[in-house]
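**Student:** Just need the structure, nothing else, for what follows:
(chains A and B)
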Amino acid sequence: MLFPTVTFAIFFMIVLPVSWLLMPRRRRWKLFMLAASYFFYGYWNWRFCFLIAVSTIGNQVFATAIHRADTERRKRWLLTGAVVANLGVLAYFKYFDFFVSNATNALDKLGLHLSPEIVAVTLPVGISFFTFQALSYVIDTYRGTFEPGRLIDFAVFLSFFPHIVAGPIVRPAEFMPQLKERHDPRHVDSSRAFFLIVIGLFKKVVIANLLATQIVDAVFASPNQHSSLEVLVAVVAYAVQIYCDFGGYTDMAIGIALLLGFRFPQNFDSPYTSTSIQDFWRRWHMTLSRWLRDYLYVPLGGNRSGKWRTYRNLMLTMVIGGLWHGAAWTFVVWGAIHGTFLCIEHWRRARRETRSLPDPPDTRARRVGARLITFTIVCFAWIFFRSESFSTAEQMLGRLFDPAYWFEPAPLVTVGVLLAITAGILEQYVPRDTWGRLMARFSNLAPVAQGLMLGASLLVINTMGPRGVAPFIYFRF
Amino acid sequence: MPRTPTPTRRHRETKHIGDPPRRTMPVGHVLLAMVVALIVGALLNAPGIRKTALGQDVGVKRDVATFFADPLDDLSTFLLLDRPRAALQWTIGRSGDDDVDLTLPSPTLVDGGAPEAPPKRAFSPEQQVRMYIAGDSLAVTPGESLINLGLPTEVIGLLGPVDGHVATGLARPEVFNWPAYLAEVIPPLDADAVVLTIGSNDDQTLTGEGGVGPLGSPEWDTEYRRRVGGLMDSVTANGKTTLFWIGIPPMRNTERYETRYRHINDIVKSEAEKRPGKVVWVDTAAVLSPFGGGYADYLENPDGSVVQVRTGDGIHFTRAGGDRIAEEVLAAMRSTFDLESWRTAPSSTSTTGSTSTTVPTAGAKKKAGK
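**Tutor:** Sure thing, here's the model as predicted:
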């Protein structure tokens, strides 16, 4: 089930009042929310409800056993088992075909010809997200920073429909205590919720879809049939498209959770205003980057074991982060590019400290320059992320830097495309207090007035959006 | 998340650090706002909702959807609440988005009088094949491959990007009327070749003018054949355009393919055979099936490497799969047109004797690219 559909609207109009009616009766609420979430997830393919059920039970068994284990050795073995089981399931669904086809081709180059019957494995929606959430639960239990709850609580956490298919990746410590809190139905932060939902819808349905259909898909499919300007604008357009698509979805997820009385962590913080790659990863897919930091980078040693180990840890973390997005070498390269620039930034910082050099002056010009450089690096990496093969990426870069095509006509660079790009980038430069003031003014309106404004927003979104609903980019992760 | 202060009045202020204070609402008011939003949104978007309702699968879902959508549209029109949408559509150049055209042309070919194939037309870099690619979602990837593989031949030129319309076909003209659309789009393009992929969404009851069901009944076959033939004759009516109709490929759901899609393919293929030289049916099973036939997600290249040709849904194509179909389309074009004699011709003038023109393509150079 997708958020911006009539089906979801009907589903939510039923779930919302029933949820609040049942809220005082915790157990009934949890059973209801569990059923609603499984219905939401199973609407796409009911068979995969078994997968999430097995993941829930399995991880709860592991977490409980770890919590009760009386020796460190036993805890470690159980943790290893849980990690292997979770990653094994993820690897099967996500990487099996990639591994088999690469292995087959590699063996073929060595003269060992195999012709395996490879059947493409259907990737369950959201598996990367709920697997990482389950791992958080088990690892935090092992570390002693979180005590496992009851099965029903964990089941609700893992399957909660606003975040199950595309995040944000919520920590158990962020969500499960909210199951014990008293949620006051007289005080719902609806203005913020409505704002997030409407803005998220506009970003996804209007901006992201427009850019995908009017320039990005066509240029990335056939780079050599387009001018340098079209390729350049398509790359920037993709940067805006993926932000609006994923950021828009996250906004909706957070808003929907708020209407149900639950708070999700922020997932994007104006990432294209970043002044460095390190800053970018503090603002882009924040819940994934903190997961990688806390469960991969820090356990590997972080930056505590000398510079070469730090570089290794940075590269490993970013490469694995790239691979998380999909079973393709282009994602690995995307991660490696980010890892490389993180290493460079780390080296420069370390050199400044070693030589006792002062930090560069924080001037406006320097910030603008830093933002432009960071955005350029990020867009360069997006080329690999979006390209379906290295050949496509090579063609994109080749066409970009070939002077013979610099002044060719660019019919795909339309006013609509440029406006959409501008809107997607400028939205990130709107000061936070501006949004805050708008939300505050909106919250002062009567409910009917709020409804009228929301209805008018639906007119704009539905009219300007394309017919049909394209899936969210991050659904395929 | 901000701490909330002790409630004092009806509404408690919720403050996020750095944000101006905003009022919270009781759930009842939230629901009221949402209901008002949905009602207002529905009235303002009623024409679009009606079109979406008509596009649902034939059956209970569609009946229920239209039961609500039709009176909603009437009410919206009566209250003039459909005007803002029309004005906005006009502003952004999308007037007609909500129009429903159910008329479908009939064939003009006289049965029993299969014409002879016209003589092969010769093309050259100066007189390229003006190619237009369109269809449902299955048209997109092979169409992109056709652009990548066809343009470097120097004799094929492109009339715009792949014109794909997801979830469309001939069965449901209220969703998208392909004959009416192509009748409007093709004449100004003056296309030599139209590469079309439709049919995979047609395994359902036919609606619109002449609508019947179910699939496979004699009435269904007659009407679908009429629609296919009518589209073929409409596209090729100018006597210049050749239609290349890409057949539905084998699917992972083999039962569906064998009982439905093969039947549709048979109808399209037989109609194409009645129009030799004007309509060419391109068989995709030949290049997407393993040795022995059937369906495969992965196939072996001649060099022994294994490549994924179908996506995870068992329906659509990867780039490699699209390339295979594109090669088949190019082979069909080479059989239909003379695409080679220019290489040995003593001069650059074409055998048709007309002035050489280069098809204007988006950023493409005359010389072959990579």
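
**Student:** And what about B:Arg275, helix, strand or coil?
**Tutor:** coil (DSSP: H, G, I helix; E, B strand; the rest coil).

**Student:** With A:Ile421 instead?
**Tutor:** Reduced to three states with three-state DSSP, the structure at A:Ile421 is helix.

**Student:** show me what contacts it?
**Tutor:** Under the criterion of C-beta atoms under 8 Å, 6 or more residues apart in numbering or on different chains, the contact partners of A:Ile421 comprise A:211, A:233, A:236-237, A:240. Bear in mind the C-beta positions are built from the backbone N, C-alpha and C, glycine included.

**Student:** which residues of the stretch 251-370 of chain B fall in helices?
**Tutor:** In order along the chain, the stretch 251-370 of chain B carries the following helices (DSSP state H, counting those that start in this stretch): B:254-256, B:262-273, B:285-288, B:319-336.

**Student:** So which of those is the most surrounded?
**Tutor:** For the helices of the stretch 251-370 of chain B, average neighbour numbers computed from mean count of other C-beta atoms under 10 Å in any protein chain shown are highest in helix B:319-336, which has a mean of 20.

**Student:** which helices and strands does that helix pack with?
**Tutor:** Under the contact criterion of 3 or more C-beta pairs under 8 Å, 6 or more residues apart in numbering or on different chains; DSSP states H and E, the helices and strands touching helix B:319-336 comprise helix B:140-150, strand B:242-246, strand B:279-282, helix B:285-288, strand B:306-308.

**Student:** If we use 10 Å, what do you get?
**Tutor:** For helix B:319-336, the helices and strands in contact under the criterion 3 or more C-beta pairs under 10 Å, 6 or more residues apart in numbering or on different chains; DSSP states H and E are strand B:129-135, helix B:140-150, strand B:193-197, strand B:242-246, strand B:279-282, helix B:285-288, strand B:298-300, strand B:306-308.

**Student:** Export those to TSV and append columns for distance to chain A and mean pLDDT.
**Tutor:** Compiled in TSV, these are given as follows (distance: least, C-beta to the nearest C-beta, whole Å; pLDDT from 0 to 100):
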stretch	distance to chain A	mean pLDDT
strand B:129-135	11	96
helix B:140-150	4	93
strand B:193-197	15	97
strand B:242-246	17	97
strand B:279-282	20	96
helix B:285-288	13	89
strand B:298-300	4	87
strand B:306-308	5	86
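
**Student:** Let's have the ones you listed in CSV, adding distance to A:Gly455.
**Tutor:** Putting the helices and strands packed on helix B:319-336 into CSV (distance: least, C-beta to C-beta, whole Å) gives the following:
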stretch, distance to A:Gly455
strand B:129-135, 36
helix B:140-150, 34
strand B:193-197, 39
strand B:242-246, 43
strand B:279-282, 48
helix B:285-288, 47
strand B:298-300, 49
strand B:306-308, 45
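
**Student:** So A:Gln133 versus chain B, what's the distance?
**Tutor:** Note on A:Gln133: its distance to chain B, by C-beta to the nearest C-beta, to the nearest Å, is 19 Å.

**Student:** same deal with A:Ala65?
**Tutor:** To chain B, A:Ala65 is 32 Å away according to C-beta to the nearest C-beta.

**Student:** buried sites along the helix or strand harbouring that residue?
**Tutor:** Using DSSP states H and E, A:Ala65 sits in helix A:48-68. In terms of neighbour count (16 or more other C-beta atoms under 10 Å in any protein chain shown), helix A:48-68 has its buried residues at A:48-49, A:51-52, A:55-56, A:58-60, A:62-67.

**Student:** just stretch A:287-297 next, same as before
**Tutor:** Of the residues in stretch A:287-297, those scored as buried under the neighbour-count criterion (16+ other C-beta under 10 Å) are A:287-292, A:294-297.

**Student:** quick check, nearest of those residues to B:Leu189?
**Tutor:** Taking C-beta to C-beta as the measure, A:Leu288 is the one of the buried residues of stretch A:287-297 closest to B:Leu189, at 45.8 Å.

**Student:** Local confidence estimate at the residue nearest to that closest one when sequence neighbours are not counted?
**Tutor:** Computed as C-beta to C-beta, 6 or more residues apart in numbering or on different chains, the closest residue to A:Leu288 that is not its neighbour in sequence is A:Ile169, at 5.8 Å. Here, the pLDDT recorded for A:Ile169 equals 94.

**Student:** roughly how far apart are the most centrally placed residue in chain A and A:Gly321?
**Tutor:** When chain A is reduced to its mean C-alpha position, the nearest residue by C-alpha atoms, centre = their mean turns out to be A:His285, at 5.0 Å. Separation of A:His285 from A:Gly321 (C-beta to C-beta, to the nearest Å) stands at 9 Å.

**Student:** list residues touching both of these two?
**Tutor:** Common neighbours of A:His285 and A:Gly321 are listed as A:291-292 (criterion: C-beta atoms under 10 Å, 6 or more residues apart in numbering or on different chains).

**Student:** Doesn't B:Ala65 lie inside a helix?
**Tutor:** Yes. B:Ala65: assigned to a helix according to three-state DSSP.

**Student:** That one against B:Asp73, yeah?
**Tutor:** No. The pair B:Ala65 / B:Asp73 is not scored as a contact, 11.8 Å apart, by C-beta atoms under 10 Å.

**Student:** of these two, who's got more company?
**Tutor:** Remark: of B:Ala65 and B:Asp73, B:Asp73 carries more neighbours, 23 against 19, as counted by other C-beta atoms under 10 Å in any protein chain shown.
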